[in-house]
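Student: Sequence and predicted structure below; questions after.
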Amino acid sequence: MKSLDLRLKLVLVLLLTAAGVRGASAQITASPSSISFGQVGVNVPGFSDSLVTITNNYSYSVSLTSITFGLPEYNIYTGLPIQTIAAHSKVSEFGFIFLASQPGVYNSTISFNFTVQGQKQSVTVQTTASAVASTAVATLSANSLNFGSVNFGSTSTQTLTVTNTGGPDSLTISALDLYYQPFAATGPATPVTLGPGQSASFQVSFSPLVTGSTTGNLTFCYSTLPCSAVDLTGTGTTPTNLAITNYPALPYATQGFAYQANITATGGTPPYIFRVHSGSLPSGLSLATTGAITGTVSSTVAVGSHTFEVQAQDSSKPKRLATISSVTLTVEAPTGANCNIISEDVPGTTSPIVDLMDLGTSTYCPDGDPNCSQCPFGENCEGGLYPGGSDTDPDPHHSDGVAIAQAIQPIDGKYVMISIGESATQQPFEQFIAQANADPQRNSNLVIVDGAEGGATANYWALSTSVYWTELLDYSLPFAGVTADQVVVAWISGVNSSASCQPTTCFPTDATTLQGDYESIAQLLLQFFPNIKMMFFSSMNYSGYSQGVDSTLPEPQAYESGFGAKWAIADQINGDPNLNYNPANGPVLAPWMGWSFYYWGNGLIPRSDNITWSCQDLNSDGLHPADPWGHIKIAQYLLNWFKTADLSVPWFVQP
């Protein structure tokens, strides 16, 4: 009887223990409990439509230690796989990606693995996806379009045709990715489905904004096929006769909010006088004789494109009239951002902030301080991307960079470019990857991996123990089929939250702090990626529309972050041994550092290259680039730069 009692007690203990474990597991939940990616094309990435929320119902915090996948075709693309979740709280940030190289149905699981008071627990999400190998074939009538030389104020148009040369499956063009300046494309509204042998034609146009050569990329994406792209090239020239020089499409406007733009002319005797020839501007806006379009768009103006004709007259005797030009202004609905903040002044002044490239040897002096005495290098806070107020990288730093770029070779058949930064970096870089992978000029050895992550500001990347490095090394790179040893280039657009600076500026402390973080990141890049050679910076976008909506990175801190990159690069140029990249000068402690495309602009005040930031380019928070236009805009700027710069062509472009 004693032996039987002992066995009964043991069974009872086991049952109670099992019940306790099941009850404990229910205290951590995942919602939704299953994810369907639907039909996804082979070699086409599919993203989960909704984020997974993890809820901790315990009265104490739990540690998420890893996320594991039942099949290698699944991976995380946003969210931290290692973090602490506080008691009675939830984290709604986990997004997943599916990518298969073979057709089939992929039923699997995603496991969230926790440590709860020393005990291991897991919560599982079911996944399903169907990878299909379409028989459709997307054939473009050209891989590149060259518009030749085109005068300001003129437009050149060519026809591009997409044909389904396969079958019996249909081909669906799901998206047409092209930022509207200086190229444009019109045609059937997407999605458009083509049966076997059917075609769709698109009118692609070039209206120059600056003199000299301009490149672009028109990307077609399909429902079950990888994207394909066409390279665009055109050269802007100055007309000999009086002509209006604007791009036909003005920056977007927003119902009920302030707006400004300028009609410009060249080829005659200034000053010019402008007038509306036919049609009318959206209600609330007016065109001054100087060419300035100003006002507040009426909230009753219809969403859509509004076209009117303008004409210019010069001051010669006799006076000359320019050819009548058609101008389109698109009005969109309010986004939720503060769309009235169409530009920002230098704090304490009434002078608009000038982007670093146009600032040159002039200075940025918040609060009216004429001396800017606290800026490093004794430069009085000069503009320019490089020392001395210059936008040109000096030799031997530049020539060294070109030599390094030319020496980059595949490592085990591949080399890798990664991104570093936070969500405002991550989101447009995914678009950049899609467009770059589709571009016929991309080097086939190049693999591009998005390492940026939401919340991953520069101060976190500056720590060797940061979980963001773990996510990049243990999740992002393996999913792309590459290793840390194959990483040779990094692109960084990182900032630090400057909410505490409101309503005044923290300059130059915010910029020098970011400078230090950048320099730490450069050193860590070499530690984690022993073969890395080059590190490129871009700026943050304009964030003035976030005023009163989001306090993460207000202006002028978004602008001032550009000084952080400028000064970090200057340290390397000036021979800081902690940033040495040249083995002839001592131990190599950092990759070569320089600028890629600097894309900050002061709202609707155009830069010298006519870049502006409309409220419609940004999300409802006024900070993050909007999907799709803001993402496409940044991706296009980056792609054009990497395809044309002497620092990147040797490894980015196919020989």
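Tutor: Great, that's in hand.

Student: C-alpha only now, for contacts and for neighbours.
Tutor: Noted.

Student: which residues does residue 375 contact?
Tutor: Applying Cα atoms under 8 Å, 6 or more residues apart in numbering, we find residue 375 in contact with 381, 508.

Student: try 10 Å
Tutor: Neighbour list for residue 375: 364, 365, 381, 382, 507, 508, 509, 511, 512, 563, 567 [criterion: Cα atoms under 10 Å, 6 or more residues apart in numbering].

Student: Find me the pLDDT at it, would you?
Tutor: As predicted, residue 375 sits at a pLDDT of 74.

Student: Not including adjacent chain positions, what is the nearest residue to residue 159?
Tutor: Spatial nearest neighbour of residue 159, chain neighbours left out: residue 203 (4.7 Å); criterion: Cα to Cα, 6 or more residues apart in numbering.

Student: Out of the contacts of residue 375, which sit inside helices?
Tutor: Mapping the contacts of residue 375 onto helices (DSSP state H) picks out 509, 511, 512, 563, 567.

Student: Write the ChimeraX selection for whichever of the residues you listed are buried.
Tutor: In ChimeraX, this line selects whichever of the ones in helices among the contacts of residue 375 come out buried by 16 or more other Cα atoms under 10 Å:
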select :511,512,563,567
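
Student: In the ones in helices among the contacts of residue 375, which has the lowest confidence score?
Tutor: Across the ones in helices among the contacts of residue 375, the bottom pLDDT score, 87, is held by residue 509.

Student: Contact partners for that residue?
Tutor: Residue 509 makes contacts with 374, 375, 515, 560, 564, as judged by Cα under 10 Å, 6+ apart.

Student: before we move on, back to that, now, which of the contacts of residue 375 sits nearest residue 605?
Tutor: Closest approach between the contacts of residue 375 and residue 605, by Cα to Cα: residue 364, at 17.0 Å.

Student: Okay, that closest one and residue 554: tell me how far apart.
Tutor: Residue 364 is 17 Å from residue 554, where distance means Cα to Cα, to the nearest Å.

Student: now residue 72
Tutor: Separation of residue 72 from residue 554 (Cα to Cα): 40 Å.

Student: The residue nearest in space to the middle of the chain and residue 41, how far apart?
Tutor: In the chain, the C-alpha nearest the mean C-alpha coordinate belongs to residue 428, at 2.5 Å (Cα atoms, centre = their mean). Using Cα to Cα, residue 428 is found at 22 Å from residue 41.

Student: And residue 604, by the same measure?
Tutor: Distance of residue 604 to residue 41, given as Cα to Cα: 40 Å.

Student: for residue 570, same thing?
Tutor: For residue 570, the distance to residue 41 (Cα to Cα) stands at 46 Å.

Student: Domains in the chain, by residue range?
Tutor: Taking automatic domain parsing as the criterion, the chain consists of the domains 26-132, 138-237, 243-332, 394-652.

Student: Pick the most deeply packed of those domains.
Tutor: Of the domains of the chain, the one with the most neighbours on average (mean count of other Cα atoms under 10 Å) is domain 394-652, at a mean of 21.

Student: tell me the strands in the stretch 101-250 of the chain, going along the chain?
Tutor: 104-116, 119-132, 138-140, 144-151, 156-164, 171-177, 183-186, 192-194, 199-206, 212-222, 228-237, 243-244 (DSSP state E, counting those that start in this stretch).

Student: All the helices of this protein, residue numbers only.
Tutor: Assigned by DSSP H, the helices in the chain fall at 2-25, 356-359, 397-407, 423-438, 458-461, 467-471, 477-479, 509-528, 557-573, 629-644, 649-652.

Student: So which elements touch the third one?
Tutor: Applying 3 or more Cα pairs under 10 Å, 6 or more residues apart in numbering; DSSP states H and E, we find helix 397-407 packed against strand 534-537, helix 557-573, strand 592-595, helix 649-652.

Student: Try it again at 8 Å.
Tutor: The helices and strands touching helix 397-407, judged by 3 or more Cα pairs under 8 Å, 6 or more residues apart in numbering; DSSP states H and E, are strand 534-537, helix 649-652.

Student: Identify the residues contacting the closest residue to residue 359 other than its chain neighbours.
Tutor: Excluding the flanking residues, the one nearest residue 359 by Cα to Cα, 6+ apart is residue 383, at 4.8 Å. Residue 383 makes contact with 355, 356, 357, 358, 359, 360, 361, 362, 363, 364, 389, 390, according to Cα under 8 Å, 6+ apart.

Student: If we use 6 Å, what do you get?
Tutor: By Cα atoms under 6 Å, 6 or more residues apart in numbering, residue 383 lies in contact with 356, 359, 360, 361, 363, 389.

Student: Same question for residue 228.
Tutor: Applying Cα under 6 Å, 6+ apart to residue 228 gives the contacts 219, 220, 438.

Student: Can you tell me, leaving aside adjacent residues, what's nearest to the first one?
Tutor: Distance criterion Cα to Cα, 6+ apart; nearest residue to residue 219, sequence neighbours excluded, is residue 229 at 4.2 Å.

Student: For this structure, give me the ranges with low pLDDT.
Tutor: Where the chain drops to pLDDT under 70, the residues are 1-25, 180, 368-374, 377-380, 499, 502-504.

Student: again, only using 50
Tutor: When residues are selected by pLDDT under 50, those of the chain lie in 1-24.

Student: what about residue 494, distance to residue 521?
Tutor: Per Cα to Cα, residue 494 is found 10 Å from residue 521.

Student: scratch that, residue 215 is what I was asking about
Tutor: Distance, residue 215 to residue 521, using Cα to Cα: 32 Å.

Student: swap in residue 376?
Tutor: For residue 376, the distance to residue 521 - Cα to Cα - is 20 Å.

Student: Residue 625 too?
Tutor: In terms of Cα to Cα, residue 625 sits 24 Å off from residue 521.

Student: Now neighbour count too, for the contacts of residue 383, in TSV please.
Tutor: Shown next, in TSV, are those (neighbours: other Cα atoms under 10 Å):
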residue	neighbour count
356	29
359	18
360	19
361	18
363	19
389	20
